[in-house]
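Novice: Let's see this in three dimensions:
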Amino acid sequence: MVTKIELIGIAYKTVKRGKMNPVFCANVTKERGVENDVFGRPGKRQVTVMSAEQWQTACNIIETELDWLARRANLLISGYEFSAQDVGKKLHIGNDLILEITGETDPCKKMQVAHPNLEQALLPHWRGGITCKVVQTGLIQNGDTVQLK
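Specialist: Modelled structure (predicted):
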């Protein structure tokens, strides 16, 4: 049985170290990443994506339920867990958006502020998520289908 992969969260921050702003839909462009995101400039780390299942594993390890926004990722998907084998693959989200997976998102010290031991819980098995660059611009919204090719 094939598991459906779905976009279930979109967020951005307008200033470095600022709060995450969740939205229902967003334009994602080659020039700006997720619209309004302070770190959306072109490059290998233009958009960050996290797996809900991997986030839940990290929360289980620290025995605390945390909102996914504490991770500070741009996109949250369900139905898939990322690994090193995904680097170079493309994420197709909705009708138009294509992201190329460029690497792993390393958890930073801000995770310790969110909860003690969260940084350690995110380190193994790509639980911290992935970094991506925008290959093709698109408008996305929660509930969009995600395909990995």
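Novice: Check Lys133 and give its pLDDT.
Specialist: Lys133 is assigned 97 on the pLDDT scale.
Novice: which stretches of the protein form strands?
Specialist: Along the chain, the stretches classed as strands by DSSP state E are 6-12, 21-23, 25-29, 33-34, 47-51, 75-78, 90-93, 97-104, 130-136, 138-141, 146-148.
Novice: Of those, flag the one that's most buried.
Specialist: Between the strands of the chain, strand 33-34 has the highest mean count of neighbours, a mean of 26, where neighbours are mean count of other C-beta atoms under 10 Å. For glycine as for every other residue, the C-beta is placed from the backbone atoms N, C-alpha and C.
Novice: tell me which helix or strand of this structure sits lowest on mean pLDDT?
Specialist: Least confident helix or strand, the chain: helix 110-114 with a mean of 73, by mean pLDDT, DSSP states H and E.
Novice: Quick check: which helices or strands does that helix pack against?
Specialist: Packed against helix 110-114 by the contact rule (3 or more C-beta pairs under 8 Å, 6 or more residues apart in numbering; DSSP states H and E) you find helix 118-122.
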